[in-house]
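> Got a sequence here, can you model it:
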Amino acid sequence: MLIALLAATSAHAMEKADEKRLDEVAKRGTHVMQFDLEKTTHVFSKTDQGGLQQVVVKDKSDTEQIKLIRAHLSEISEDFKRGDFSKPERIHGEGMPGLAALKSAKPGQIRIEYSVLPDGAQISYSTQSPRLIDAIHYWFDAQLRDHARHAVPGSPHQHIHLK
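Numbering: from 1, shown residues only. Have a look, this model is predicted:
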């Protein structure tokens, strides 16, 4: 029974949100993310210890978007280290899957590392807590669903560049 529930939850998590929801999230995102969603791709890769969130430009020569991606991811990684997940909450809503658990994590319980990529930036999330690993995975699924037009699932340690 539990396996069937988990399979159903996982399958549902990967379904794209309806068009109205996608429009709402994209509109709210313009007030939180400095970069242009149409010129970038979010890549969410789940790992055994948490996950890797990347944002990359579609056009490698778009240095302005690269600069904006780096500024945003650097800023939110610092927010997240302080337990401040208000920016994703403003985009996706208070009930975003995984967010409550992430917000309740004790300082240092989730290792959050920002780094620069040639065509954007990334944030790595790792923890030893199975509850928080699950929360990161649910949170990534929700972002994939809500950013379906601008996001793709990735695989760990793989840098993805889409044209």
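> any low-confidence regions in the chain?
Along the chain, segments meeting pLDDT under 70 span 1-18, 21-32, 92-93, 147-148, 156-163.
> Going along the chain, name the helices of it.
Using DSSP state H, the helices of the chain run over 2-13, 19-29, 63-81, 86-92, 99-104, 130-146.
> For the fifth one, buried residues please.
Neighbour-count burial for helix 99-104, counted by 16 or more other CB atoms under 10 Å, picks out 99, 101-102. For every residue, glycine as well, the C-beta is placed using N, CA and C.
> need these in JSON lines with distance to Ala121, can you?
As requested, the buried residues of helix 99-104 are exported to JSON lines (distance: CB to CB, whole Å):
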{"residue": "Leu99", "distance to Ala121": "21"}
{"residue": "Ala101", "distance to Ala121": "24"}
{"residue": "Leu102", "distance to Ala121": "20"}
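> Which one of those residues is nearest to Ser45?
Leu102 (17.0 Å; CB to CB).
> The closest one against His137, yeah?
No. Using CB atoms under 8 Å, Leu102 makes no contact with His137, being 11.1 Å away.
> so what's the closest residue to Ala135 other than its chain neighbours up against?
Of all residues not flanking Ala135 in the chain, Ala101 sits nearest, at 3.6 Å (CB to CB, 6 or more residues apart in numbering). By CB atoms under 8 Å, 6 or more residues apart in numbering, the contact set of Ala101 is 131-132, 134-135.
> how deep is Ser155 tucked in, by neighbour count?
11 (other CB atoms under 10 Å).
> measure it to Asp146 for me?
Distance, Ser155 to Asp146, by CB to CB, to the nearest Å: 21 Å.
> Buried among the contacts of Ala101? Make that a ChimeraX selection.
What follows is the ChimeraX syntax selecting those of these that are buried according to 16+ other CB under 10 Å:
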select :132,135
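> Return the closest of the contacts of Ala101 with respect to Glu78.
Using CB to CB, the contacts of Ala101 come closest to Glu78 at Leu132, 18.8 Å.
> got a list of what that closest one touches?
50, 101-102, 105, 109-110.
> Also Gln34?
68, 71-72.
> Looking at neighbours, which among the residues you listed is most surrounded?
Per-residue neighbour counts (other CB under 10 Å) across those peak at Leu68, which has 21 neighbours.
> Quick check: it vs Pro153, distance?
Taking CB to CB, one finds Leu68 at 23 Å from Pro153.
> likewise Asp36?
For Asp36, the distance to Pro153 - CB to CB - is 22 Å.
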